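K.L.:
Here you go, sequence then predicted model.
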Amino acid sequence: MESQVMTNPEDISKLYRELSLFPSLTRADVGPVITSQYGGKYSNIYTEWSQRDLERNENVKFCRQYIVFHDDKSVVYSGPSGNCTEIKGELLSKDSPSGDMKAVVRESNIKGEDKQFLEIWSKNIKVKSINLTALKKHGKVYEDDQFGCLVWSHSETHLLYVAERKRLKAESFFQSVSPESCSLADEEEGVKMGKEEETTKGEQFVFYEDWGETLVSKSSPVLCVLDIEGSNVSVLEGVPDNISPGQAFWAPSDTGVVFVGWWHEPFRLGLKYSPNRRSSLFYVDLTGGQCEQLSSGSSAVCSPKLSPDQCRIIYLECAVYGPHQQCSRLCMYDWYTKRTSVVVDVVKRPREDGFAGIYSSSLSPLCWSADSQRILVSCPQGSRKDLLLVETTTGSVTSLTSKSPGGSWSLLTIERNLMVVSWSSPNCPPSLRVGFLPLCGSREEVDWVVLEDSQTQPDIDWQILNFTPPPEQDNSQYPGLDFDALLLKPKDVKEGVKLPLIVTPHGGPHSVIVADWLLSSSVLCRMGFAILLVNYRGSIGYGQDSILSLPGNVGTQDVKDVQFAVESVLRGGAFDEQKVAVAGGSHGGFVACHLIGQYPEFYKACVARNPVINLASMIGSTDIPDWCMVEAGYNYSTDCLPDPAVWEQMLNKSPIKHVKQVKTPVLLTLGEDDKRVPPKQGIEYYRALKALQVPVRLLWYPENNHSLSKVDAESDGFMNIALWMTQHLSL
Ligand SMILES: CSCC[C@H](NC=O)C(=O)N[C@@H](CO)C(=O)O
């Protein structure tokens, strides 16, 4: 049969290079309203973008500003103001509320040593540059999304951030004190600060727990405050010893600090993609150091945001343990009455109007309407990502985007009702749009204005397909659930050509593939493949019942849903059933390896990135052991001991159980530093396949973790995947 797939490595890398140029939006800030000399009102919009630089082998961050003239209800005129500028060395940055100043936490390498500085900029002057490393009040500043923050006090006199607790310098018992042992730089700093550094003996090899995948050097966060005038940093006291603070902000009138505190006893569990860790909102008073718990303490909370009138805090809440990502509750704490209300509760099944619940672990940095009555949330609703408007007094939810073109809408910020969003779809890279929030109670549609357009890929066709599992595969505990898949295919297919198909189950398993710009899928599609991305039952965005239907049924329900979707699509006749491949990462790799074990004749090639191969062997080494038990159908507690019956079930539900049936050639891509699914999982599969003489190739990426997202690993991984597919599908 004729094929129209690109197979030449030169052509494939050229295409990858071309499509990897499209940047993604990572942040936007709206500046203050300025009135021009002609009376027109405008605001500057600052945006940050990220782009792969294949030559330099790194993701580069750059900014671009736009000017938006408006009349508080609609955009009158807009356009870019100036060109892009690359941002280097900035770990965190934030404009002051008035817009008069800017704070930056910068990392700079001085004479071979990394130093961190806190800078204050005003007009065109860097007015302060405080060497935080030399101050030695704390360890490294946290720049991550989990704990990190940089927040101006309402008075603009203080800055709040999170850093690692100071550790005494550990020395050997046999360290002899010699002047050479002290670096010149240390000495200079010590002299400047007028003190010698305190040391401790016997602590050099003490193990410090960390917060797992992507948070490896983060163990004991502390809240830090800079008094700008006095250039004085203090570490806040009063946070309980068994709590790790993060996501902090200033309380109304700057009387103290509100933060999320995670319990870290008896030990820390991985936090990345795991908003189900016991945590609470806290308030620590600046004067007395008294700490008050503001939420129940029996749930998991995240992303608190103070209303513009400083009266209420909105935040997300879900259950502790259980599925890692679930349908969240949107809660509100009233600062003055001290009462908490549930604004939007967990949604079990999608409602008639299409609302399927809130699935998010981070609200955008600003998410309140100007009147402090409404909240904007962008989150998956099935295979779309929509912008939802929530009335806090009634809990009513309306979608601002469900009638707009399908795709993915992500809120970057909202300030004085001016929304800044990123929109993309599988055939359109991210574009930047702005629009005013309709007035309270109005049914008006948002008039979106494009500030930065992007290049639609006319050769890519995509659609969302819906599937109802056959009766024998219905879940008796959660009956009547259906699921979706996203199908991408080349627009122009020559007469008589049947397309090869790559099936992709997502990871999680409680995550989802929404219709946004996906680099590798778009390159594969432009090469001539069709790609089927399946949101099997258990995915988020379809109601809490769908999520709860999967634990205990992994390896069967997810696997059968994917197979059902593939077979249904093949029945349409447009695809070549002799040229079907499967590719997935993490839990998606688990599903992929199950598929080639349970349907040994069906798939002609398989790719698995950091796959879960054996739940029983993984529980002792992953940063999220609770995941293994929960997905195998058991409750987790930190004091549970190994139980042979549980281990047997974990083994029975794992892909390794079916390995003897496998015939499909497998490409494994593993990250040496993966804490989530340690690479030994992939090695376990590799050895089994080798012993069975099944073709297997293993790519090992040093300095990479679970996502394999460093630019060289990602691009090398992509090329190897593409060539593995063309080779084993005989294209
Ligand atoms: C013990 S690893 C569990 C699988 C992992 N879940 C959460 O981290 C996973 O599938 N991760 C997805 C992202 O959700 C991935 O694609 O890496």
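P.N.:
Thanks, I have it.
K.L.:
So the closest residue to residue 6 other than its chain neighbours versus residue 70, what's the distance?
P.N.:
Leaving aside its sequence neighbours, residue 6 sits nearest to residue 527 (Cβ to Cβ, 6 or more residues apart in numbering; 4.3 Å). From N, CA and C alone the C-beta is placed, and that goes for glycine too. Look at residue 527 and residue 70: by Cβ to Cβ, to the nearest Å, they are 43 Å apart.
K.L.:
hmm, back to that, touching, the residue nearest to residue 6 and residue 722? I think so.
P.N.:
Yes - using Cβ atoms under 8 Å, residue 527 makes contact with residue 722 at a distance of 6.6 Å.
K.L.:
between these two, which one's more packed in?
P.N.:
residue 722 (25 against 21; other Cβ atoms under 10 Å).
K.L.:
in what helix or strand does that one lie?
P.N.:
Assigned by DSSP states H and E, residue 722 belongs to helix 711-728.
K.L.:
what's the helix or strand residue 525 falls within packed up against?
P.N.:
Element membership for residue 525 (DSSP H and E) is helix 519-527. Packing contacts for helix 519-527, counted by 3 or more Cβ pairs under 8 Å, 6 or more residues apart in numbering; DSSP states H and E, involve helix 9-19, strand 460-467, strand 483-490, strand 530-535, helix 711-728.
K.L.:
let's see it at 6 Å
P.N.:
helix 9-19, strand 483-490, strand 530-535 (3 or more Cβ pairs under 6 Å, 6 or more residues apart in numbering; DSSP states H and E).
K.L.:
Check the ones you listed for me and report the most buried one.
P.N.:
strand 530-535 (a mean of 26; mean count of other Cβ atoms under 10 Å).
K.L.:
CA atoms only for the next helix or strand after that one, dumped as CSV, please.
P.N.:
Per DSSP H and E, the first helix or strand lying C-terminal to strand 530-535 is helix 544-548. In CSV, the C-alpha atoms belonging to helix 544-548 read as follows (Å, rounded to 0.1, in the frame of the first residue of the first chain):
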residue,chain,number,x,y,z
GLN,A,544,-15.5,12.9,39.9
ASP,A,545,-17.2,9.6,39.2
SER,A,546,-15.1,9.1,36.2
ILE,A,547,-11.9,9.7,38.3
LEU,A,548,-13.1,7.3,41.0
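K.L.:
got the angle between the helix holding residue 722 and helix 9-19?
P.N.:
With axes from the mean of the first three to the mean of the last three Cα atoms, to 10 degrees defining the directions, helix 711-728 sits at 140 degrees from helix 9-19.
K.L.:
does any bit of helix 711-728 sit next to the ligand?
P.N.:
No - counting by Cβ under 6 Å from any ligand atom, the ligand is not contacted by helix 711-728; separation bottoms out at 13.0 Å.
K.L.:
what's next to that helix, contact-wise?
P.N.:
Identification of contacts with helix 711-728 by Cβ atoms under 6 Å, 6 or more residues apart in numbering yields 7, 12, 16, 52, 57-58, 520, 581, 604-605, 607, 665, 667, 669, 699, 701, 704, 708.
K.L.:
What subset of those is buried?
P.N.:
Among the contacts of helix 711-728, the ones that count as buried by 16 or more other Cβ atoms under 10 Å are 12, 16, 52, 520, 581, 604-605, 607, 665, 667, 669, 699, 701, 704, 708.
K.L.:
So which of the residues you listed sit within strands?
P.N.:
The strands, defined by DSSP state E, take in 52, 581, 605, 607, 667, 669, 699, 701 from the buried ones among the contacts of helix 711-728.
K.L.:
three-state assignment of whichever residue of the stretch 351-500 of the chain sits closest to the ligand?
P.N.:
Taking Cβ to the nearest ligand atom, the ligand has its nearest neighbour within the stretch 351-500 of the chain at residue 361, 11.2 Å off. Using DSSP: H, G, I helix; E, B strand; the rest coil, the structure places residue 361 in coil.
K.L.:
For stretch 612-628, what is the spacing between the initial and final residues?
P.N.:
Start and end residues of stretch 612-628 are separated by 10 Å (Cα to Cα, to the nearest Å).
K.L.:
And the average pLDDT for stretch 50-57 is what?
P.N.:
Summarised as a single mean, pLDDT over stretch 50-57 is 97.
K.L.:
For it, list every residue counted as buried.
P.N.:
Buried-residue list, stretch 50-57, by 16+ other Cβ under 10 Å: 51-52.
K.L.:
Give me the contact list for it.
P.N.:
By Cβ under 6 Å, 6+ apart, the residues outside stretch 50-57 that reach it are 20, 23-24, 26, 59-61, 711-712.
K.L.:
Relative to residue 99, how far out is residue 36?
P.N.:
16 Å.
K.L.:
count of residues packed around the residue nearest to residue 438 when sequence neighbours are not counted?
P.N.:
Leaving aside its sequence neighbours, residue 438 sits nearest to residue 444 (Cβ to Cβ, 6+ apart; 4.2 Å). By the criterion of other Cβ under 10 Å, residue 444 has 10 neighbours.
K.L.:
quick one: is stretch 618-635 near the ligand?
P.N.:
Yes - contact between stretch 618-635 and the ligand, assessed by Cβ under 6 Å from any ligand atom, occurs at 622, 624, 627.
K.L.:
coming back round to it: max pairwise distance over the contacts of stretch 50-57: which two?
P.N.:
Maximum pairwise distance among these (Cβ to Cβ): 20.7 Å, between 26 and 712.
K.L.:
Please identify the buried residues of stretch 273-291?
P.N.:
273-284, 286, 291.
K.L.:
Just name the closest of those residues to residue 388, please.
P.N.:
Nearest member of these to residue 388, counting by Cβ to Cβ, is residue 275, at 18.0 Å.
K.L.:
and the residue nearest to the closest one when sequence neighbours are not counted, what pLDDT?
P.N.:
Distance criterion Cβ to Cβ, 6+ apart; nearest residue to residue 275, sequence neighbours excluded, is residue 361 at 3.9 Å. pLDDT, residue 361: 93.
K.L.:
how many other residues sit next to residue 361?
P.N.:
Count around residue 361 with other Cβ under 10 Å applied: 22.
K.L.:
quick one: it and residue 326, what's the gap?
P.N.:
Counting by Cβ to Cβ - residue 361 and residue 326 are separated by 10 Å.
K.L.:
Could you do residue 298 as well?
P.N.:
From residue 298 to residue 326 the distance is 15 Å (Cβ to Cβ).
K.L.:
ok, which stretches of the stretch 151-300 of the chain are strands?
P.N.:
158-164, 169-171, 199-201, 221-227, 232-235, 243-250, 256-263, 279-285, 291-293, 300-306 (DSSP state E, counting those that start in this stretch).
K.L.:
Give me the contacts around the third one.
P.N.:
With Cβ under 6 Å, 6+ apart as the test, strand 199-201 has contacts from 168-171, 173.
K.L.:
what helix or strand does whichever residue of the stretch 401-550 of the chain sits closest to the ligand sit in?
P.N.:
Here the residue of the stretch 401-550 of the chain nearest the ligand is residue 507; by Cβ to the nearest ligand atom that distance is 2.7 Å. For residue 507, there is no enclosing helix or strand under DSSP H and E.
K.L.:
didn't residue 489 look like it was pressed against residue 461?
P.N.:
Yes - contact criterion Cβ atoms under 6 Å: residue 489 and residue 461 qualify, at 5.3 Å.
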